[in-house]
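Novice: For reference, the sequence and a predicted model appear below.
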Amino acid sequence: MIGALARTPATLRNFGNSQFATLAGLFVVAVAVVLTIQHVLQHDPSYFFQILTIGVADGSIYALIALGYTMVYGIIELINFAHGDVFTLGAFISLALFPIFGIAEGGNGLGYVLPLLAVAVITMGLVAMINVTIERIAYRPLRHAPRLAPLITAIGMSSILEGAMYLWKGPFNLHYPDLLPTTRLNISGVSIGAKDLIVLSFAIVLVVAFTLFINLSKLGKAMRATAQDRDAAQLMGIDINRTIAATFFIGAVLAGAGGIIYGLYINNVAFDLGFITGLFAFTAAVFGGIGNIPGAAIGGLLIGIIAAFNNGYFDSAWTEIVIFGILIATLVFRPTGLLGMRVPEK
Amino acid sequence: MTRLRELIRENSRNPNAIAYAAMAIAALTFPGIAQFATGGNADYLVSLAADGGVFILLAIGLNVVVGFAGLLDLGYAAFFAIGSYTYGMLASQQLISSPIHHALHVPFWIALVLGTFIAAGAGALLGAPTLRLRGDYLAIVTLGFGEIVPRFFRNMKDWTSGVNGISALDIPTLPFWITGPWANAQLGIEQNFRFVSFNPTAWYVLVIILVVGSVIGVNNLYGSRLGRAWMAVREDETAAAAMGVNTVNTKLLAFAIGASFSGFAGAFYGAKLSLVSPDSFGFIVSITILSMVVLGGMGNIPGAMIGALLLYWVLYKFLPDAPQQVAALADNLGFHGLNTVTPNWPGIAEFVSRLKFILFGLILVSIMLLRPQGLLPSRLRTQELKRGVHDEPVAAPTV
C-alpha cells in the first residue's frame, strides 16, 4: 500500500488520515459557530427565537421527507430521486381533496379537525399506493440490472410526477389554505407561533410512531433485516419484494404527511417544489447518517435550523451553497454522518 | 481497395465500428442534406447540430469518469460551467466592472486550452478530498459540488454579473477558412475569418473537429495503461491496489481528464452562444448528460455518443417541435376542435407542450426497462461478465 501511494503528494496522503480530516472539520465548524454567535448577538433575542422556530418547523418537514430517503437507501441502496416529488404530490392531492370535504380558508376553526384528518389519511394512502406502483414499475424489474439503471428510472419517474402535476395545475404557484391558528403564544417572554408548534408536534408524533413501528413490529424487523443483508433475510423466509414495497409505502406515507404539513405551514406550493426540498431532505439524511432513522430526523431538524439561520442572519442567496457545502463536508470529514456507525467498506 | 474491403468485412459485425461509420457519414453529409432538404434554410438546424456536438463532447467526458473509472458523477455540469465562465470572463468586457477594472481579451484558441486545464484542475480539486469515499458517497459529493458551482457564479455578482450572466463574448477568429456550397457560398478561401453566429456551418465544422479529436484521444486512453487501471479500479478497487495500481492517482486523473472535456466544451458553448448564464448549468444538465451516457451504454465511447445524439434530439428538437406538429396533424385529420382554445382546454399544442416532462420521463424509464445495459453496451465488458476472463483468449463473438 505504501508503494502504491509513493508517488502521491503528501497533502493528499494526509487527507486520507482521518485524524487530520476530523481536526480540519472541527475547525470549520468552530469558525461557523463563532460567526453565527457574533451575528446573533447583534440582533434582538426575540428575533433569534423567531428564526429558531421557523428553522425547527421547516426542519421537521425535512425530517419527514428524509426518513423516506434514508429507508429506501438503507434497503436497496437507491437514491430515490422521485421521493421529493412524492412529497409535492401529497400537497397537491390534499389541495384537491379540500373542497370535497368542505374545507375552505377562513371557516370554522376546530370543526375542521376531523375533515382535515380524513383528507390527510386519504392523501397519505393515495400517495403511498402511487409510490408502491412506482417501485413495482420502475425499480423492481431492475433489481439485478447495472447499478445506475434504477437511478436513471428514478430520475425519469421524478420527471413524470412533476409533469403530471404540471399538467394538472399548470406552472403557477398555488395558494394552499391557511387553516392553522395564527395566534402567537407567549411562553416565559418568548413569542412562539401556534402554527410552528403544531407543525413540530405533528412531525414528532409521526417520527416517534414510525420509529416504534420499525423497532417493534414484525414488518419493521423484516425491513431492518433486509437492509442489513438481503440474501440472508431471504433465506430466513422474509418476502423481500413485499418488504421493499412496504418500505416505499411507509416512506410515501411520511412524505405525503410532510406535503400536507408543508402546505399548511407555508401556504404556497408549486409543481417543482419537490426538487430542491427533496435535495435538502436528502442532505439531511446524509448528514444524520444515511440508513440511520434517528439520524435522518436529527439531520432534518439541523438542516432546517441552519437554513433558517442563514436566511435570517446572512444572505439567503447563499443558503443552498451552505447546505450543499455541509453535505460535502459531512461526507469528506465524517462519511457515515453524525449518528452513522463505522461500517467496514464492502 | 482490397484493404478497404477487408476492413469492411472484418468490422461488418462490430456494432461499434458500424456506429462510428454511421456517425461519420451522418456528420459529413448532414449540413449538405439539411440545406438541400430545406432549400437553403437549414442554418437553424446546423446550429442545433453544433450545439448537439457540445453534448457529445460532454457525454464523452462523463463517460471517462462514470463509464471507465466507475465514479458516479452527479454534478458534471459544474465543470461545464467552469469552462464557460473561463471563456466568458477572459474574453469579454466583463472584468472592467469587476474589482480589477481591466478587461481581458484572450484569443478563443488559447481560452479553449485554458478552459480545459482550469476544468481539469477543478476536477482534481473535487477529486482530492473525495478519494476516501466510495460508491454513492462520492456521487453525493459530486451532486453537492454541482449544485454549489452555478450558484457560486450567480452570487459572485461583482465578477460575473450574477443572474444576468456574461454577454457579448469575443468572436473567435482564424486567419483563413474554406467556404463552399455546404454553407450556401462559393467554393473559396476566406481570409481573416470570424466565427459569427449567423454562420453555423463554421461552428459545426469546429465542433466536429473537436469531437473527432476527443474520440481519438479517449480511444487511446481506453487502451492505455491508465485506461486499464481505470477499469481495474471500477471492477474492484482493493484488488486493483493490490495489483500495484496507484488508485489515488488513477481516480484523480479520471476526474481531471473527464472534467477537461467539459472545460473546452464549455468554452466552445459560451463562445458560440456569446452568452454565459448561471441558469444553463443546473442539476438537470448534469442529469441529462448522465442519462445520455447510461442510455447509450456506459463505458462504450460510441454508445455514449449515440445516447447523447438521441437524447439531444429528443430534448431540443422532438419535444420543442411536437406541439406544432401535433396541432398541424389534428388540423389535417379534421379534428379542428382540438385546436380551439376553451376555458377548459388550452388547445392541443399547449397541451402537448405541457406533456414534455412526462414524455422525457417516459423515454428514460422505458429505455432503461427495455435495455438496462444501454443501447450500445460495451462489448468487452459484456464478454467479461458473460464468459468470464480466464487464461484463454476470448474468442471473437459469433453474434
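Specialist: Received it, and whenever you're ready, just let me know what you need. Remember, predicted model here, so these are calculated numbers, not experimental data.
Novice: and the stretch 151-300 of chain A, which residues reach chain B?
Specialist: A:151-153, A:155-164, A:166-167, A:170, A:275, A:279, A:282-283, A:286 (C-beta under 8 Å from any C-beta of the partner chain). For glycine as for every other residue, the C-beta is placed from the backbone atoms N, C-alpha and C.
Novice: Any of those buried? List them.
Specialist: Neighbour-count burial (16 or more other C-beta atoms under 10 Å in any protein chain shown) is assigned, among those, to A:151-153, A:155-164, A:166, A:275, A:279, A:282-283, A:286.
Novice: does any part of the strand or helix carrying residue A:92 sit near chain B?
Specialist: Assigned by DSSP states H and E, residue A:92 belongs to helix A:83-97. No: on the criterion C-beta under 8 Å from any C-beta, helix A:83-97 is out of touch with chain B, staying 10.2 Å away.
Novice: Just the CA trace of that helix, in CSV.
Specialist: Taking C-alpha atoms only, helix A:83-97 is exported to CSV below (Å, rounded to 0.1, in the frame of the first residue of the first chain):
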residue,chain,number,x,y,z
HIS,A,83,-39.2,10.9,-3.4
GLY,A,84,-39.2,14.8,-3.3
ASP,A,85,-42.0,14.7,-6.0
VAL,A,86,-44.0,12.2,-3.9
PHE,A,87,-43.9,14.8,-1.2
THR,A,88,-45.2,17.5,-3.6
LEU,A,89,-47.8,15.1,-4.7
GLY,A,90,-49.1,14.9,-1.1
ALA,A,91,-49.6,18.6,-1.1
PHE,A,92,-51.3,18.6,-4.5
ILE,A,93,-53.7,15.7,-3.7
SER,A,94,-54.7,17.2,-0.3
LEU,A,95,-55.3,20.5,-2.0
ALA,A,96,-57.7,18.8,-4.5
LEU,A,97,-59.5,17.0,-1.6
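Novice: Quick one: list the elements packing against the following helix or strand past it.
Specialist: Using DSSP H and E, the helix or strand that follows helix A:83-97 towards the C-terminus is helix A:113-134. Where contact means 3 or more C-beta pairs under 8 Å, 6 or more residues apart in numbering or on different chains; DSSP states H and E, helix A:113-134 is packed against helix A:83-97, helix A:240-266.
Novice: Please flag which of the residues of the stretch 151-300 of chain A next to chain B sit within helices.
Specialist: A:151-153, A:155-164, A:166-167, A:275, A:279, A:282-283, A:286 (DSSP state H).
Novice: What are the contacting residues of stretch A:192-200?
Specialist: A:49, A:53-54, A:56-57, A:60-61, A:180-186, A:261, A:264-265 (C-beta atoms under 8 Å, 6 or more residues apart in numbering or on different chains).
Novice: and these, which are buried?
Specialist: A:53, A:54, A:56, A:57, A:60, A:61, A:180, A:261, A:264, A:265.
Novice: tell me the least confident of those residues?
Specialist: Lowest pLDDT within the buried ones among the contacts of stretch A:192-200 is found at residue A:180 (82).
Novice: On the three-state scheme, that residue is what?
Specialist: The local conformation at residue A:180, judged by DSSP: H, G, I helix; E, B strand; the rest coil, is coil.
Novice: measure it to residue A:102 for me?
Specialist: 18 Å (C-beta to C-beta, to the nearest Å).
Novice: got it, and residue B:211?
Specialist: Distance from residue B:211 to residue A:102, by C-beta to C-beta: 62 Å.
Novice: cool, residue B:151 as well?
Specialist: Residue B:151 is 43 Å from residue A:102, by C-beta to C-beta.
Novice: Look at the two and report which has more neighbours.
Specialist: The neighbour count for residue B:151 versus residue A:102, taken as other C-beta atoms under 10 Å in any protein chain shown, is higher for residue B:151 (18 against 10).
Novice: low-scoring stretches of the stretch 151-300 of chain B, by residue?
Specialist: Along the stretch 151-300 of chain B, segments meeting pLDDT under 70 span B:181-184.
Novice: Which residue ranges of it form strands?
Specialist: Using DSSP state E, counting those that start in this stretch, the strands found in the stretch 151-300 of chain B span residues B:166-167, B:173-179, B:188-194, B:275-276.
Novice: In CSV, list the ones you listed along with mean neighbour count and distance to residue B:125.
Specialist: Output for those, formatted as CSV (neighbours: other C-beta atoms under 10 Å in any protein chain shown; distance: least, C-beta to C-beta, whole Å):
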stretch, mean neighbour count, distance to residue B:125
strand B:166-167, 20, 23
strand B:173-179, 14, 32
strand B:188-194, 11, 35
strand B:275-276, 24, 21
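Novice: Could you pull up the residues touching residue 265?
Specialist: The chain I'm using is chain A. Neighbour list for residue A:265: A:57, A:58, A:61, A:180, A:195, A:196, A:199 [criterion: C-beta under 8 Å, 6+ apart].
Novice: I was after chain B.
Specialist: Contacts of residue B:265 (C-beta under 8 Å, 6+ apart): B:54, B:57, B:58, B:61, B:80, B:83, B:210.
Novice: what about 10 Å?
Specialist: Residues counted as contacts of residue B:265 (C-beta atoms under 10 Å, 6 or more residues apart in numbering or on different chains) are B:53-61, B:79-80, B:83-84, B:112, B:115-116, B:119, B:207, B:210-211, B:214, B:289.
Novice: gap between the closest residue to chain A within the stretch 51-200 of chain B and residue A:66?
Specialist: Nearest residue of the stretch 51-200 of chain B to chain A, counting by C-beta to the nearest C-beta: residue B:144, 3.9 Å away. To residue A:66, residue B:144 is 15 Å away according to C-beta to C-beta.
Novice: likewise residue A:150?
Specialist: From residue A:150 across to residue A:66, the span is 20 Å (C-beta to C-beta).
Novice: Which one's more surrounded, residue B:144 and residue A:66?
Specialist: Shown here are residue B:144 and residue A:66; by other C-beta under 10 Å, residue A:66 has more neighbours (35 against 28).
Novice: helix/strand/coil for the more buried one?
Specialist: Following three-state DSSP, the label given to residue A:66 is helix.
Novice: Per-residue pLDDT of it, please?
Specialist: Looking at residue A:66, its pLDDT reads 94.
Novice: quick one, what contacts residue A:154?
Specialist: Contacts of residue A:154 (C-beta under 10 Å, 6+ apart): A:72, A:78-83, A:134, A:138-139, A:142, B:364-365, B:368.
Novice: Count the residues that sit near the closest residue to it other than its chain neighbours.
Specialist: Ranked by C-beta to C-beta, 6 or more residues apart in numbering or on different chains and with sequence neighbours excluded, the top spatial neighbour of residue A:154 is residue A:81, at 4.3 Å. Residues lying near residue A:81 (other C-beta under 10 Å) number 26.
Novice: Would you confirm that residue A:249 contacts residue A:128?
Specialist: Yes: using C-beta atoms under 10 Å, residue A:249 is in contact with residue A:128, at 4.5 Å.
Novice: Is residue B:304 in contact with residue B:298, as I believe?
Specialist: Yes: taking C-beta under 10 Å as the definition, residue B:304 is a contact partner of residue B:298 at 7.6 Å.
Novice: Give me the common contacts of those two.
Specialist: Between them, residue B:304 and residue B:298 share these contacting residues under C-beta under 10 Å, 6+ apart: B:62, B:63, B:66, B:67, B:374, B:378.
Novice: Of those, which belong to helices?
Specialist: Per DSSP H, helices hold the following members of those: residue B:62.
Novice: near chain A too, which of the shared contacts of residue B:304 and residue B:298?
Specialist: The residues of the shared contacts of residue B:304 and residue B:298 that also fall near chain A, by C-beta under 10 Å from any C-beta of the partner chain, are B:66, B:67, B:374.
Novice: Identify, among the helices and strands of chain A, the element with the weakest mean pLDDT.
Specialist: helix A:2-5 (a mean of 39; mean pLDDT, DSSP states H and E).
Novice: Good, wrapping up.
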